[in-house]
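Participant: build me a model from this:
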Amino acid sequence: MRFNELVQLLEKNGFVWINSGKSSKRIYSNGERRVIIHYHAAQDVCSGES
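Facilitator: From the prediction side, this is the model:
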């Protein structure tokens, strides 16, 4: 999954871009939860597995 697809998925599920942090950080919120991602448009999102 790429970052663009992740953002589309977040927005589809009610998350709104509320703020940009330093550099590539983007903060999304749906009113209950907040998600911070390091946005790099066309790159693949790291799975978190080693």
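Participant: now Asp44: how far from Ser29?
Facilitator: 24 Å (C-beta to C-beta, to the nearest Å). Quick note: C-beta positions are derived from backbone N, CA and C, even for glycine.
Participant: count the neighbours of Gln43 for me.
Facilitator: A total of 11 residues lie near Gln43 under the criterion other C-beta atoms under 10 Å.
Participant: could you pull up the residues touching it?
Facilitator: Contacts for Gln43 (C-beta atoms under 8 Å, 6 or more residues apart in numbering) come out as 2-3.
Participant: how about the helices in this protein?
Facilitator: Using DSSP state H, the helices of the chain run over 3-12.
Participant: spatially nearest residue to the residue nearest the centre of it (excluding sequence neighbours)?
Facilitator: When the chain is reduced to its mean C-alpha position, the closest residue under C-alpha atoms, centre = their mean turns out to be Ile37, at 4.2 Å. Of all residues not flanking Ile37 in the chain, Arg26 sits nearest, at 5.4 Å (C-beta to C-beta, 6 or more residues apart in numbering).
Participant: for Val45, give me its contacts.
Facilitator: Listed by C-beta under 8 Å, 6+ apart, the contact set of Val45 reads 1-3, 6.
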